[in-house]
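Peer 1: let me see the structure of the following:
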Amino acid sequence: MIPGYRRVATASILVLAGIGLYWGTALGQSQTGQEVVRVERASFGEPYPAYTYTNLNQGAGGPAEIDLASVLGQKPVVLYYFIAKNQRAEQVFQEIQKLADELGPKNVALLGVAVPRPGMSAGVIRERAAALQIHVPILNDEGFRIGQQLGVSRVPNIALIDKDGILRMANGGSLLQVLEYKLTLAEGIRRLADTGKIGTYAYLPDYSPSVEMVGRTAPDFKAPSIKNGSVQQWSGVYSKDTINLLIFWSVNCPHCTKALPQFNKWYRENRSKVNIVTAARVTNAAERTKTREFVSAQKLEFITVEDQDRAVADLYNVTATPTIFVVGPNGKVDSLLTSNGPDFGEKVEAKRKQLLK
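Peer 2: A predicted model of the protein is given here:
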């Protein structure tokens with residue numbers, strides 16, 4: 001038995017509760033059939049534990065096994081946890097590999113990390129790696145060792161280890177994520193590769209890639225109405241006379257089902273002040289029925305479309321629900337609105353005053 005590890009007889013690995021996650025590929029909903037290895041959370045500012053892992057990207061990404069002991073303490077290491085077929089996670093993998101290539105393998109080692117599961121076998125992961133032209137190792141995280149050590153609860157997920165093998169950061173969600181004033185995660189990796197050192201940033205706050213939409217023109221889309229299936233197009237329903245809210249939600253998200261009726265109550269009395277369109281995640285017939293029943297029971301008065309297979313969410317980099325975009329009369333995303341429900345009207349009024357001067 002490896003020091004610091006404890007084996008338990010169970011077939012499931014709990015990583016995420018899944019509540020509020022827009023992606024349907026939550027790690028915690030997997031049943032691996034593997035023996036789970038319970039591992040203590042790695043400490044920031046301390047050496048990261050070494051272990052030997054099977055390489056899911058054998059050939060294109062190196063040998064059949066990767067012994068972290070041969071890498072840690074030799075040069076900086078970037079660990080990248082992802083889920084195959086998760087569009088955002090795959091996109092960031094390509095971006096971070098491009099950066100690592102630019103910096104050079106002598107200066108930084110990039111290691112992908114993934115956990116096979118039903119419907120996402122090792123073979124599927126290899127196929128996606130080939131399609132994405134990933135040429136670095138992908139560690140098979142059997143027993144969710146690395147996931148537990150780094151506290152992985154969502155993807156994409158980036159961790160940094162300095163040249164001395166010391167864990168400095170985890171839970172990075174984007175190369176654009178800000179570590180400190182004028183220092184993005186991308187620049188932090190550059191500093192790490194150049195000097196071998198970086199400050200201890202510990203466990204970063206969860207990153208929402210939706211913020212990257214601010215300042216952009218809201219992408220146009222077509223989607224069927226949840227009520228009758230008629231096709232709705234964003235460019236045809238957004239208002240040029242007032243502010244617009246585009247709300248992404250799911251009937252399986254408790255925060256959403258609590259907040260939407262409160263939003264609806266305010267909207268019913270202030271219809272002329274704001275234009276609201278919502279996109280409800282729908283991945284199957286049962287979810288469609290459940291969503292329609294909720295919309296009907298709550299008598300939601302704003303337009304609600306089906307976001308089938310996350311097609312609209314992908315356009316807006318949405319990874320969690322509820323996510324509320326504020327779109328100005330000019331069609332550009334002004335900001336993201338956070339609301340606990342009761343303060344919804346107050347925040348909408350503040351945005352109106354700001355944007356409709």
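Peer 1: okay, helices next: where are they in the stretch 101-250 of the chain?
Peer 2: 122-131, 145-150, 185-195, 234-237 (DSSP state H, counting those that start in this stretch).
Peer 1: ranking those by burial, who's on top?
Peer 2: Counting by mean count of other Cβ atoms under 10 Å, helix 145-150 has the highest mean neighbour count of the helices of the stretch 101-250 of the chain, with a mean of 22. Using the backbone N, CA and C atoms, a C-beta is placed for each residue, glycine as well.
Peer 1: avg pLDDT for that one?
Peer 2: Averaging pLDDT along helix 145-150 gives 96.
Peer 1: quick one: contacts of it?
Peer 2: 5, 13, 15, 27, 37-42, 48-49, 51, 53, 79, 81, 113, 115, 139, 141, 152, 157, 159, 170-171 (Cβ atoms under 8 Å, 6 or more residues apart in numbering).
Peer 1: among these, name the buried ones.
Peer 2: 13, 15, 27, 37, 39, 42, 48-49, 51, 53, 79, 81, 113, 115, 139, 141, 152, 157, 159, 170-171 (16 or more other Cβ atoms under 10 Å).
Peer 1: just those residues: which are in strands?
Peer 2: 37, 39, 53, 79, 81, 113, 139, 157, 159, 170-171 (DSSP state E).
Peer 1: flag the shaky bits of this structure, pLDDT-wise.
Peer 2: 1-36 (pLDDT under 70).
Peer 1: extract the CA atoms of the longest strand along it and return them as CSV.
Peer 2: Determined from DSSP E, the single longest strand within the chain is strand 274-282. Provided in CSV are the C-alpha atoms of strand 274-282 (Å, rounded to 0.1, in the frame of the first residue of the first chain):
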residue,chain,number,x,y,z
VAL,A,274,-36.9,44.7,-19.5
ASN,A,275,-37.0,42.0,-22.2
ILE,A,276,-36.3,38.5,-20.9
VAL,A,277,-35.5,35.4,-22.9
THR,A,278,-34.5,32.2,-21.2
ALA,A,279,-32.8,29.1,-22.6
ALA,A,280,-33.6,25.9,-20.8
ARG,A,281,-31.2,22.9,-21.1
VAL,A,282,-32.9,20.0,-22.7
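Peer 1: each with direction, which strands does that strand pair with?
Peer 2: Applying DSSP bridges, strand 274-282 is found paired with strand 243-249 (parallel), strand 303-308 (parallel).
Peer 1: of those, which approaches residue 237 most closely?
Peer 2: Of all the strands paired with strand 274-282, strand 303-308 sits nearest to residue 237, with 5.8 Å by Cβ to Cβ.
Peer 1: so which elements touch the helix or strand following that closest one?
Peer 2: Toward the C-terminus, strand 303-308 is succeeded by helix 311-315 as the next helix or strand (DSSP states H and E). Helix 311-315 sits against strand 274-282, with contacts defined as 3 or more Cβ pairs under 8 Å, 6 or more residues apart in numbering; DSSP states H and E.
Peer 1: gap between the strand it packs on and the chain center?
Peer 2: 20 Å (Cα atoms, centre = their mean, to the nearest Å).
Peer 1: quick check: buried residues in stretch 80-92?
Peer 2: Result for stretch 80-92 [16+ other Cβ under 10 Å]: buried residues 80-84, 86, 88-92.
Peer 1: contacts for it next, please.
Peer 2: 23, 25, 27, 93, 96, 110-114, 120, 124-125, 128-129, 132, 141, 146-147, 150, 152, 155-159, 173-175, 209, 310, 314, 317, 319.
Peer 1: brilliant, that's me finished.
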